[in-house]
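Student: predicted model follows, preceded by the sequence.
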Amino acid sequence: MDKRIGIVGAGTAGLHLGLHLLQHGIRPTIYTDRRPEEYAGMRLLNTVAHHSVTIQRENVLGVDFWPVADHGYFGHHYFIGAKPDPLRFYGSLRNPSRAVDYRIYQPRLMEEFEKRGGRLEYKELRGEDVAGLADRNDLLVVCTGKGPLGQLFQHQPAHSPFSRPQRALCVGLFKGISQHSSRAVTMYFSPGAGEMIEIPTTSFGGMVNALVIENIPGGDLEILAKTKYEDNPKAFLALLLEKLRQHYPTCAERINEREFDLANGPLDILQGGVTPTVRNGHIVLDGGKIAVALGDVQAVVDPVLGQGANMASYAAFILGEEIVKQHVYDERFVEHVNMRRQDRVLGASRWTNFMLTNLQTMPPELLTFIDKLSRHRSLSDEFTDNFNYPEKQWDCFASVERMKAWCDVRLRSEDSRASVERVAA
Ligand SMILES: Cc1cc2nc3c(=O)[nH]c(=O)nc-3n(C[C@H](O)[C@H](O)[C@H](O)COP(=O)(O)OP(=O)(O)OC[C@H]3O[C@@H](n4cnc5c(N)ncnc54)[C@H](O)[C@@H]3O)c2cc1C
């Protein structure tokens, strides 16, 4: 018997799930509100970096259309504006990450989904449409991102500590910033003011730099989230340059002021905020069918650590595997799904929320941790690669004792390896 799977939303969650199911002989229907041809004319959606674990899944799906040799980046520079002396260090990724403008990425994957036999139906869906879709399918998956449909799923207060955005975001794609000699993300921290993540990103005209400027409400940088580029582009750019010089000087020094501007025009900027929220993984609809929450609908995080789409893709694969393996889509089915995806989804949410809170105040244990990373390359490499595995980051950050032990255990085993080598020599 054919399995009838309905997926609402054609973001990374819906597309990775849909493509996975097609590969396993199930032909799902994706219901979504935007056609592929609409994306190119849209405002910047986000600035998403896929880590290598996600690129591996794209490889499996046969949709790794942007080879990392040309489009990837290879590590993270860290700049912490500590007083009196800023800290600067680097960590390598074992395998490269990659950022492609979603206005290019998502329509390309939609076309591929359709080419392989997937069905796409276009309509903006509302809560009252869900029952009708459930009748047409054995299982409904809701992955409509941050929009109102996600509110079908109950919010989990235990994992949702904030009732408002913790950062006022100003996010744009910029030209006129030179790349590092080896392509890398830079994570900048300005204690008390915010953070900035600079990401080499493939957009319509080629490689540009995304600046994800995360501003603490009430702090010196909040004005960047409130000043409109469209009102006066020159004044906006002058303000931005002034703030970059003050808070993120190692970015400002790579800017060619004559070229510095939004990369593709006035739609390349996004301002607003994200309230981190975790929701129940499913609901039972009238009539007994199940609707599963996936991606941002299940858990939305602030973009400061680049986790949302990566965990959406991870969870999409788990859900896909369980849909293929199981034949009854009931509460036991979702129990399997939820148990398998939970550690990563909660790990990403908790680690991100921890950083949002602690980067503001920089408690001594976090400063000590960062100081150790800055002095031991092996630690900063492992910390950097663990952006792939947020549950491992949470293993490290869940308590002060864990943060200390994470460094100490590794440094001790490095010391004992070094002494064994000395004896052997
Ligand atoms: C500035 C910024 C930077 C980010 N950087 C990163 C990063 O570096 N790494 C990372 O992993 N994540 C990042 N994220 C998070 C990432 O963008 C999201 O987690 C991810 O896109 C979620 O995917 P999704 O498929 O759940 O939802 P979405 O990508 O939002 O997709 C939702 C889909 O549903 C459709 N839809 C919406 N409403 C309806 C409706 N009513 N009816 C029908 N269809 C509907 C939409 O058209 C779309 O196709 C960032 C987010 C932001 C805002």
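Tutor: Thanks, I have the structure now.
Student: which parts of the chain sit against the ligand?
Tutor: 8-14, 31-34, 46-49, 124-125, 143-145, 147, 149, 171, 212, 270, 295-296, 303, 306-310, 312 (Cβ under 6 Å from any ligand atom). Every residue, glycine included, has its C-beta placed from N, CA and C.
Student: and these, which of them are buried?
Tutor: Burial by neighbour count, 16 or more other Cβ atoms under 10 Å: within the residues of the chain next to the ligand this picks out 8-14, 31-32, 34, 46-49, 125, 143-145, 149, 171, 212, 270, 295-296, 303, 306-310, 312.
Student: sorry, back to before: in helices, which of the residues of the chain next to the ligand fall?
Tutor: 12-14, 308-310, 312 (DSSP state H).
Student: next, Phe174: secondary structure please.
Tutor: At Phe174 the chain is in strand, as set by DSSP: H, G, I helix; E, B strand; the rest coil.
Student: that one contacts Asn264, correct?
Tutor: No: counting by Cβ atoms under 8 Å, Phe174 does not reach Asn264; the two are 10.2 Å apart.
Student: spatially nearest residue to the residue of the stretch 301-425 of the chain found nearest the ligand (excluding sequence neighbours)?
Tutor: Going by Cβ to the nearest ligand atom, the ligand is nearest to Gly308 of the stretch 301-425 of the chain, at 2.2 Å. Spatial nearest neighbour of Gly308, excluding adjacent residues (Cβ to Cβ, 6 or more residues apart in numbering): Val301 at 5.3 Å.
Student: wait, that neighbour sits on Gly347?
Tutor: No: applying Cβ under 8 Å, one finds Val301 not in contact with Gly347, separated by 10.6 Å.
Student: have a look at the two and say which one is more surrounded.
Tutor: When Val301 and Gly347 are compared for neighbours, Val301 comes out ahead with 24 against 21, by other Cβ atoms under 10 Å.
Student: OK, contacts around the more buried one?
Tutor: 274, 276, 307-308, 311, 348-349, 352-353 (Cβ atoms under 8 Å, 6 or more residues apart in numbering).
Student: with Asp371 instead?
Tutor: By Cβ under 8 Å, 6+ apart, Asp371 lies in contact with Leu87.
Student: so it is in which element?
Tutor: For Asp371, the enclosing helix or strand under DSSP states H and E is helix 364-375.
Student: ok so, going back, test my guess that the residue of the stretch 301-425 of the chain closest to the ligand contacts Val300.
Tutor: Yes: shown here, Gly308 and Val300 form a contact pair, counting by Cβ under 8 Å, at 6.5 Å.
Student: what mean pLDDT does the lengthiest helix in the chain have?
Tutor: Ranked by residue count and defined by DSSP H, the top helix of the chain is helix 331-361. In this model, helix 331-361 carries a mean pLDDT of 96.
Student: for stretch 236-252, same thing?
Tutor: Mean pLDDT, stretch 236-252: 97.
Student: off-centre distance for it?
Tutor: 24 Å (Cα atoms, centre = their mean, to the nearest Å).
Student: chain center to the helix holding Asp371, what's the gap?
Tutor: Helix 364-375 sits 24 Å away from the centroid of its parent chain (Cα atoms, centre = their mean).
Student: buried residues of that helix, list them for me.
Tutor: Buried residues in helix 364-375, defined by neighbour count with 16+ other Cβ under 10 Å: 366, 369-370, 372-374.
Student: next SSE after that helix?
Tutor: Using DSSP H and E, the helix or strand that follows helix 364-375 in sequence is helix 377-385.
Student: using CSV, write down the CA coordinates of that following helix.
Tutor: This file holds the C-alpha atoms of helix 377-385, laid out as CSV (Å, rounded to 0.1, in the frame of the first residue of the first chain):
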residue,chain,number,x,y,z
ARG,A,377,44.6,25.1,19.2
SER,A,378,43.5,21.5,19.7
LEU,A,379,40.7,22.9,22.0
SER,A,380,39.6,25.6,19.6
ASP,A,381,39.6,23.1,16.7
GLU,A,382,37.4,20.7,18.6
PHE,A,383,35.1,23.5,19.8
THR,A,384,34.8,24.7,16.2
ASP,A,385,34.1,21.3,14.7
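Student: contacts for it next, please.
Tutor: When contacts are defined by Cβ under 8 Å, 6+ apart, helix 377-385 is touched by residues 75-76, 78, 89-94, 372-374, 393, 396, 407, 410-411, 414.
Student: the helix or strand following it - contacts with which helices or strands?
Tutor: Counting by DSSP H and E, the next helix or strand C-terminal to helix 377-385 is helix 390-397. For helix 390-397, the elements it packs on are helix 331-361, helix 400-424, judged by 3 or more Cβ pairs under 8 Å, 6 or more residues apart in numbering; DSSP states H and E.
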